[in-house]
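> I would like the atomic coordinates for the input below:
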Amino acid sequence: MSEFYLAADIGGTKTALALFSKKTGPFNPITKESYPSQDFASLHEIVEKFLAKNKVSVSGASFGVAGPVKGDRAEVTNLPWTIDAGILSELIDGMPVKLLNDLLATAHAVPNLTPADLHPLIPGESKPRGAVGVIAPGTGLGEAFLTWDGTNYRAHPSEGGHANFGPATQTEMKLLEYLQAKLEHVSYERACSGRAIPDLYAFIHEVQKIEEPEWLRASLASATDATRVILQSAVEETAEISVQTLHLFLDILASEAGNLALKVMATGGIYIGGGIPPRILSRIDKVRFREAFIRKGRFTELLSHIPVHVILKPDIALFGAACHGFEQIKSASRDENDNVS
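Numbering: from 1, shown residues only. Have a look, this model is predicted:
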């Protein structure tokens with residue numbers, strides 16, 4: 001068996017692949033390449049190109065996919081790709097290929113994170129072997145969780161980001177009405193994600209009557225990514241409308257993080273991933289975030305003890321896919337030893 005394992009993070013914008021050594025584990029890739037996803041007709045082409053450049057055999061692969069995974073097939077959100085694990089397996093001499101949602105991959109990474117990989121947002125008392133919640137606002141809103149199985153943490157998928165948005169304040173109730181007029185189904189993802197930011201901004205302008213500066217209107221009109229422009233002006237505090245948009249986004253994120261903590265009894269903590277939180281850390285009001293997180297009536301006291309962390313580690317889904325792969329290797333080795341004994 002080869003000493004190398006292949007891991008990938010597959011998204012609508014870019015696809016990252018890396019080789020990991022069984023000797024050093026998932027913490028430091030031997031080599032890593034990133035490819036613009038839109039430039040390729042399929043993942044098959046990218047994997048072929050990567051393996052042609054890195055002429056090694058691998059013992060298996062784990063691929064985190066930004067999209068729904070059903071068994072050995074996956075669809076990539078924002079790409080016309082259908083990924084088939086069986087077809088990909090042929091590229092690595094029939095070795096096993098595992099597909100998992102990118103948020104599930106992130107969950108696999110959480111038990112392997114170090115203090116340097118995290119930014120503490122809310123202090124608390126993490127209970128050893130307690131359940132853990134993961135929530136990640138990026139382009140969409142992903143959720144996952146982990147439970148202790150008696151020996152290790154086991155990661156579980158969730159589509160909680162698509163649950164009905166539940167307003168917690170009068171402002172959020174107005175936001176729900178505003179979004180219902182535009183959307184058939186208002187989920188948390190439609191109120192708390194990168195794709196939701198322009199709608200939150202429009203709500204702040206149209207309903208809350210916060211003025212939109214002319215320079216910002218012009219910037220948004222010419223921007224290919226309105227979310228980036230809004231968040232940048234919020235972080236730099238150059239426009240009150242953007243600041244208020246960010247406050248609303250964070251209030252909803254904190255409230256849904258608290259919901260997730262209750263749903264899975266996340267006494268082991270809540271971990272916030274995704275591409276947005278690290279970019280806005282300097283503008284997160286920790287007191288305000290905590291108030292929105294714990295505001296759960298009779299369960300406020302319970303939530304007041306649960307710690308919340310922001311994940312800072314770059315390429316977290318790629319790292320998580322590698323962690324998943326090494327879990328597979330460890331499990332196979334354990335089964336082999338049991339059979340021998």
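> Can you give me the buried ones in stretch 64-82?
By neighbour count on 16 or more other CB atoms under 10 Å, the buried set for stretch 64-82 is 64, 65, 66, 67, 69, 74, 76, 79, 81. Every residue, glycine included, has its C-beta placed from N, CA and C.
> residues in contact with the fourth one?
Just to be clear, that refers to residue 67. By CB atoms under 8 Å, 6 or more residues apart in numbering, the residues touching residue 67 are 74, 75, 76, 77, 79, 101.
> Show only the entries of those residues found in helices.
Assignment to helices by DSSP state H places none of the contacts of residue 67 there.
> Against residue 110, how distant is residue 147?
12 Å (CB to CB, to the nearest Å).
> which residues are in contact with both of the two?
132, 153.
> Name the residue in those two with the higher neighbour count.
Each of residue 147 and residue 110 has its neighbours counted (other CB atoms under 10 Å); residue 110 has more, 26 against 16.
> The more buried one - nearest residue in space that isn't next to it in sequence?
Take residue 110 and drop its neighbours on the chain: the residue closest to it by CB to CB, 6 or more residues apart in numbering is residue 271, 5.4 Å away.
> go on, residue 174?
residue 207 (5.8 Å).
> Could you verify my assumption that the one you found touches residue 176?
No. If you go by CB atoms under 8 Å, residue 207 and residue 176 don't touch, sitting 11.3 Å apart.
> The two - which one has more neighbours?
residue 176 (17 against 13).
> Can you tell me what sits against the helix or strand that contains that one?
With secondary structure defined by DSSP states H and E, residue 176 is part of helix 170-180. With contact meaning CB under 8 Å, 6+ apart, helix 170-180 is reached by 165, 167, 186, 190-191, 199-200, 203, 206-208, 248, 251-252, 255.
> State the distance from the closest residue in space to residue 42 that isn't next to it in sequence to residue 61.
Once flanking residues are discounted, residue 42 sits nearest to residue 81: 5.8 Å by CB to CB, 6+ apart. To residue 61, residue 81 is 16 Å away according to CB to CB.
> count of residues packed around residue 214?
Neighbours of residue 214 using other CB under 10 Å come to 8.
> With the one 4 residues further on instead?
Counted with other CB under 10 Å, the burial measure for residue 218 works out to 10 neighbours.
> Who are the contact partners of the closest residue to residue 299 other than its chain neighbours?
Leaving out its chain neighbours, the residue that sits closest to residue 299 by CB to CB, 6+ apart is residue 262, at 6.1 Å. Contacts for residue 262 (CB under 8 Å, 6+ apart) come out as 296, 299, 302, 303.
> Let's verify the spatially closest residue to residue 160 that is not a sequence neighbour: helix, strand, or coil?
Nearest residue to residue 160 in three dimensions, chain neighbours excluded: residue 143, at 3.8 Å (CB to CB, 6+ apart). The three-state label given to residue 143 by DSSP: H, G, I helix; E, B strand; the rest coil is strand.
> how about residue 143, what does it touch?
103, 133, 134, 135, 136, 158, 159, 160, 161, 260.
> need the contact list for residue 314.
Contacts of residue 314 (CB under 8 Å, 6+ apart): none.
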